[in-house]
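Chemist: The following comprises the amino acid sequence and a computationally predicted model.
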Amino acid sequence: MPPTSSTPTSENHDSVPWYVWCSVAAVTFAMVGVHWDISWHRSIGRDTFWTPAHIAIHMCGVLAGISCGYLVLSTTYSPRSLLRDCSVWIWGFRGPLGAFIAAWGGIAMLTSAPFDNWWHDTYGLDVKIISPPHMVLALGLFAVHAGALILILGQMNRASGALRERLQKLFLYVGGMILVMLTVLQMEITARIFMHMAHFYYLVALVAPPVLAGVARASRFKWAATTVASIYFMFVFLMGRILPLFPAEPKLGPVYHQVTQFTPPEFPLLLIIPALALDLVWRRTAGWGTLRQALVSGVVFLGLFAAVQWPFASFLASPAARNWFFGSKYFGYYVAAGSLSARFGFVGAEKGAAFWQEAAFALVAAICTSWLGLAWGNWMQRIRR
């Protein structure tokens, strides 16, 4: 049964419900663990399953599965549950829509663990983000994040006053974590060396506008896109500054680059600039239709993002960025001295018509994903269950 626009009666206490805090903790565990695990692979190599990074990732699945599973069961079988009147029926069970989605995500995440071990035992060790077991994990992660977002949203849309404001902040936080998660999945194909290609901007346009637009429209907060982009920026920035503080050394070979500390992620993308512009645009175009807003939003996002990220990529390749703050000096142990990354070079931009064709694809992608995000946000405004 899909969520409806009706407003069921529900509890409206001043405190944030325990299951909301569990969902926020789950997505935080997930993104800390994922960045830590990628750094572990880049610095040490494939290790035992029982690394702290793996445990942090799968704590997300355990927490989401247990808390949301309990929430569904308690709502289904307890006649005193305050959520019974604001729940959906799925396969004979009753509970908030977000709880069903997050619980499924937790199960998928835990299923990916033995699959990943079998994959490595069968096909050897690797440090790739994109592999079949990792995609199962990614689907589970996405479901946990989406479930947490909708779980908070249903509660937020039923609340008022101070409670709604607190839930709105948590909603924006989870939106930022979704942006972190999607950019992690693209990490290998949106590295600095690709930032002077039109294809790089096409890839980013596939994931950033729908999150910024969807969360902003659903939250109804005037600086929502800026807040989401700021949460993304600060999270990735802090992970990049904290991880190198801890020692590490490779356990696999060949070792092309000597590593003595955990290798951090690259400096976060400058999504905060187009996000700020989008917040201003949406405020001035509030009376426009979704399609007109999407056309303007796509142009604004892509134009401003390319205008700031292209020259900033050149800066990241310069000696001025080879320090702890900007992090351009860090490489995984498998990066050869003669590689393009180690030489601070770029994959050349597409030539002639190919560049403009790819740029056109990027613009179309930014417009389409902006429309999807705005439409998604309109739908989320109606969620009460």
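Modeler: Looks like it arrived, so ask away.

Chemist: For Arg284, see how far away Leu243 is.
Modeler: 41 Å (C-beta to C-beta, to the nearest Å). Placement of C-beta: from N, CA and C, glycine included.

Chemist: how many other residues sit next to the closest residue to Val20 other than its chain neighbours?
Modeler: Using C-beta to C-beta, 6 or more residues apart in numbering and skipping the chain neighbours, the partner closest in space to Val20 is Ile152 (5.5 Å). By other C-beta atoms under 10 Å, 27 other residues sit near Ile152.

Chemist: Then Trp310?
Modeler: Close neighbours of Trp310, defined as other C-beta under 10 Å, add up to 15.

Chemist: What's the mean pLDDT across the host helix or strand of Ala360?
Modeler: If you go by DSSP states H and E, Ala360 is part of helix 353-380. Helix 353-380 shows a mean pLDDT of 96.

Chemist: Please apply the same query to stretch 284-296.
Modeler: Summarised as a single mean, pLDDT over stretch 284-296 is 94.

Chemist: Also stretch 174-194?
Modeler: Averaging pLDDT along stretch 174-194 yields 94.

Chemist: For that stretch, measure first residue to last.
Modeler: The first and last residues of stretch 174-194 sit 28 Å apart, counting by C-alpha to C-alpha, to the nearest Å.

Chemist: to the chain's geometric centre, what's the distance from it?
Modeler: How far stretch 174-194 lies from its chain's middle: 7 Å, per C-alpha atoms, centre = their mean, to the nearest Å.

Chemist: And the chain, split by domain according to the record?
Modeler: The chain breaks down into these domains under automatic domain parsing: 14-185, 189-385.

Chemist: Mean pLDDT lowest where, among those?
Modeler: Among those, domain 14-185 carries the lowest mean pLDDT (a mean of 83).

Chemist: just how off-centre is that domain within its chain?
Modeler: With C-alpha atoms, centre = their mean as the basis, the mean position of domain 14-185 lies at 12 Å from the chain mean.

Chemist: about what we covered before: list the contacts for the residue nearest to Val20?
Modeler: Val20, Ser23, Val24, Gly98, Leu167, Leu170, Phe171, Val174 (C-beta atoms under 8 Å, 6 or more residues apart in numbering).

Chemist: State the helix or strand in which it lies.
Modeler: helix 132-158.

Chemist: Tell me which other helices or strands the helix or strand just after that helix touches.
Modeler: Downstream of helix 132-158, the next assigned helix or strand under DSSP H and E is helix 161-185. Here helix 161-185 touches helix 18-43, helix 132-158, helix 198-219, helix 224-242, going by 3 or more C-beta pairs under 8 Å, 6 or more residues apart in numbering; DSSP states H and E.

Chemist: And those: which comes nearest Ala354?
Modeler: helix 198-219 (8.3 Å; C-beta to C-beta).

Chemist: what's the angle between that closest one and helix 224-242?
Modeler: 120 degrees (axes from the mean of the first three to the mean of the last three C-alpha atoms, to 10 degrees).

Chemist: how close does the closest residue to Arg217 other than its chain neighbours get to Asp85?
Modeler: Spatial nearest neighbour of Arg217, chain neighbours left out: Gly377 (2.4 Å); criterion: C-beta to C-beta, 6+ apart. Distance from Gly377 to Asp85, counting by C-beta to C-beta: 25 Å.

Chemist: do Trp104 as well
Modeler: Applying C-beta to C-beta, the value for Trp104 to Asp85 is 23 Å.

Chemist: Just give the nearest non-adjacent residue to Asp37, would you?
Modeler: Nearest one to Asp37, counting by C-beta to C-beta, 6+ apart, is Ala53 at 3.8 Å.

Chemist: May I have the phi/psi pair for Gly95?
Modeler: For Gly95, the backbone dihedrals (degrees, to the nearest 10) come out as phi 170, psi 170.

Chemist: Helix or strand: which one has the residue lying closest to it once chain neighbours are set aside?
Modeler: Using C-beta to C-beta, 6+ apart and skipping the chain neighbours, the partner closest in space to Gly95 is Val72 (3.6 Å). Using DSSP H and E, Val72 falls within helix 52-77.

Chemist: What's the first helix or strand after that helix?
Modeler: strand 88-90.

Chemist: Test my guess that Cys368 contacts Ser297.
Modeler: No: taking C-beta atoms under 8 Å as the definition, Cys368 is not a contact partner of Ser297, at 10.7 Å.

Chemist: More neighbours: those two, which one.
Modeler: Higher neighbour count among Cys368 and Ser297: Ser297, with 29 against 16, using other C-beta under 10 Å.

Chemist: what sits against that one?
Modeler: By C-beta under 8 Å, 6+ apart, the contact set of Ser297 is Pro209, Ala213, Leu278, Val281, Trp282, Ala366, Ile367, Ser370, Leu374.

Chemist: The third one reaches Ala213, doesn't it?
Modeler: Yes: with contact taken as C-beta under 8 Å, Leu278 and Ala213 are classed as touching, separated by 7.3 Å.
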